[in-house]
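*Asks:* Using only what follows, build the 3D model:
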Amino acid sequence: MTSKAIQTFGHAIEDAVDLLNHFDALNANPPPPDIEVLKRASLVMALAALETYFEDPLLEAAELISAKSNSEPHLAAFFKESLINDLKYFHTPSTDRVRPIFQKYLGLDVTEGWSWNNCDPAMARKGLNQLAKKRGDIAHRSWRPVTGEAQPKPHAVTRDDLRKHVHFIKQLVQATEAFLDEKL
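*Replies:* I've put the predicted structure just below:
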């Protein structure tokens, strides 16, 4: 069964894809330097979609768990309120943030389910951490190329890298969805 979380993710990840498509449409030879912001914004949007994806199945599960505990309504309310409070501080999904919150609320190391094609859980965790760091650098430091530099820095996100990042995020969501579907 497709969860509401993955449906929401599918809609949200399209923002990242749309930004990349706008980049492609505006790209000329040579490309105008100001369109690089579209690639950086696309990566930020892709990670925001992933963050929301990780939050949503936790909220869905909390509702199910709370609905089953009719005998202890105060505990169910405490459980949901605690999760909602913790999610206020759940920013930039890295392995160090995703793993503990799923363990705390569902008793699962969701990162163990991050496996597909030629990617095992350790590679997926490392890949997510690298993306989370890059997203933080872009969102907080811009990594905007400076014009007039003697040795210009490479762009923070290349077109090919962004395509790979979005694909990685989609695979990570599919693997997480399959793992949660099996375990819950």
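*Asks:* shouldn't E60 be in contact with T2?
*Replies:* No: in terms of Cβ atoms under 8 Å, E60 does not count as a neighbour of T2; the distance is 11.8 Å. Placement of C-beta: from N, CA and C, glycine included.
*Asks:* Of the two, give the one with the bigger neighbour count.
*Replies:* Taking neighbours as other Cβ atoms under 10 Å, E60 and T2 compare with E60 leading, 15 against 9.
*Asks:* Could you identify the helix or strand that succeeds the host helix or strand of that one?
*Replies:* Taking DSSP states H and E as the definition, E60 sits inside helix 36-68. Scanning forward in sequence from helix 36-68 by DSSP H and E, the next helix or strand is helix 73-87.
*Asks:* pLDDT of that following helix, averaged?
*Replies:* Taken as a whole, helix 73-87 has a mean pLDDT of 93.
*Asks:* and it, what does it pack onto?
*Replies:* Packing contacts for helix 73-87, counted by 3 or more Cβ pairs under 8 Å, 6 or more residues apart in numbering; DSSP states H and E, involve helix 36-68, helix 95-106.
*Asks:* and those as TSV, adding distance to H165 and mean pLDDT?
*Replies:* Converted to TSV, these look like this (distance: least, Cβ to Cβ, whole Å; pLDDT from 0 to 100):
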stretch	distance to H165	mean pLDDT
helix 36-68	6	93
helix 95-106	16	97
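*Asks:* Which among the ones you listed is found nearest to I13?
*Replies:* Set against I13 and scored by Cβ to Cβ, those come closest in helix 36-68, at 4.5 Å.
*Asks:* Buried residues, the closest one. List them.
*Replies:* Across helix 36-68, burial judged by 16 or more other Cβ atoms under 10 Å covers 36, 38-58, 61-62, 65-66.
*Asks:* how near is I6 to A76?
*Replies:* I6 is 25 Å from A76, where distance means Cβ to Cβ, to the nearest Å.
*Asks:* next one: stretch 63-73 to chain centre, how far?
*Replies:* With Cα atoms, centre = their mean, to the nearest Å as the basis, stretch 63-73 stands 29 Å off its chain's centre.
*Asks:* Now do it: everything it contacts.
*Replies:* Here stretch 63-73 makes contact (Cβ atoms under 8 Å, 6 or more residues apart in numbering) with L75, A76, A77, F79, K80, L184.
*Asks:* pretty sure the last one contacts G107?
*Replies:* No: between L184 and G107 no contact is recorded; they are 10.3 Å apart, counting by Cβ under 8 Å.
*Asks:* Mind checking which of those two has more residues around it?
*Replies:* When L184 and G107 are compared for neighbours, L184 comes out ahead with 13 against 8, by other Cβ under 10 Å.
*Asks:* picking that back up, from the contacts of stretch 63-73, which two are the most distant?
*Replies:* Spatial extent of these (Cβ to Cβ) is set by the pair A77 and L184 at 20.9 Å.
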